[in-house]
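Asks: Fold the following and give me the result.
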Amino acid sequence: MKFTFPSALTALALCAGLVTGAHADSTQYVFLAPVGATTTFSGSLGNTATAAGDFTDTFVTFGAPAASDMSFSAAAGSGITFTSITLNYWMDGTALPLSSVSLDGSSIQATALDQISGTYQWVITGTAAVAGASYTGGILENTQISAPVPEPGTWALMLGGLALLGLRRRAGR
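Replies: Purely as a prediction, here's the structure:
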């Protein structure tokens, strides 16, 4: 086998690619648990870089059975720089509007108002300077539950009951 300079450069480039491989992208499911006896749900999240490089992490969460406001927050440890955040509807990948976003590289705060029930993906991107760099955060959901409105059948049953009480009282006189 003949050794050539171009083949040595190719081998060196391939080895360098293996050594400096990017952080493995991840998908995590964040289950929201109720906070006390309120309509607030929360869940924790985080990730640790397996290698230096760019990353895209997806956090899947299941929305409450009513309209809700969702908030995402994350704080980077040493060696993590956040670059973007998006919220997608999981079924078709439609990007949803965020009502507020604060992204300064070392932390993220984002809010989406009036989201319907469903499954959502929070997607964050960034760069890990070293393997072992990490971040933590959470998702908070405030459900907007309105007072129940009686159905017409309920009103009819109540009025029928009041009429029977009136007839019985009148018959008793």
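Asks: Can you show me the helices along this protein?
Replies: In the chain, the segments counted as helices under DSSP state H are 5-19, 152-172.
Asks: and those helices, which one is worst for confidence?
Replies: Sorting the helices of the chain by mean pLDDT places helix 5-19 lowest, at a mean of 38.
Asks: got any ranges where the chain has weak pLDDT?
Replies: Counting by pLDDT under 70, the chain shows low-confidence ranges at 1-24, 37-38, 64-66, 144-147.
Asks: Swap in 50 and give it another go.
Replies: Scanning the chain for pLDDT under 50 picks out the ranges 1, 3, 5-22.
Asks: can you pull out the strands in it?
Replies: 26-30, 33-34, 40-48, 53-62, 68-76, 80-89, 95-96, 100-103, 107-115, 119-128, 134-143 (DSSP state E).
Asks: Now distance to residue 173 and mean neighbour count too, for the ones you listed, in JSON lines please.
Replies: From N, CA and C alone the C-beta is placed, and that goes for glycine too. What follows is the strands of the chain, written out as JSON lines (distance: least, C-beta to C-beta, whole Å; neighbours: other C-beta atoms under 10 Å):
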{"stretch": "strand 26-30", "distance to residue 173": "66", "mean neighbour count": "14"}
{"stretch": "strand 33-34", "distance to residue 173": "53", "mean neighbour count": "11"}
{"stretch": "strand 40-48", "distance to residue 173": "54", "mean neighbour count": "17"}
{"stretch": "strand 53-62", "distance to residue 173": "60", "mean neighbour count": "18"}
{"stretch": "strand 68-76", "distance to residue 173": "54", "mean neighbour count": "20"}
{"stretch": "strand 80-89", "distance to residue 173": "64", "mean neighbour count": "17"}
{"stretch": "strand 95-96", "distance to residue 173": "65", "mean neighbour count": "12"}
{"stretch": "strand 100-103", "distance to residue 173": "66", "mean neighbour count": "13"}
{"stretch": "strand 107-115", "distance to residue 173": "56", "mean neighbour count": "17"}
{"stretch": "strand 119-128", "distance to residue 173": "62", "mean neighbour count": "20"}
{"stretch": "strand 134-143", "distance to residue 173": "51", "mean neighbour count": "19"}
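Asks: could you redo those as a markdown table and give each row distance to residue 161?
Replies: Listed next are these as a markdown table, based on distance: least, C-beta to C-beta, whole Å:
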| stretch | distance to residue 161 |
| --- | --- |
| strand 26-30 | 47 |
| strand 33-34 | 36 |
| strand 40-48 | 37 |
| strand 53-62 | 40 |
| strand 68-76 | 36 |
| strand 80-89 | 45 |
| strand 95-96 | 46 |
| strand 100-103 | 50 |
| strand 107-115 | 38 |
| strand 119-128 | 43 |
| strand 134-143 | 33 |
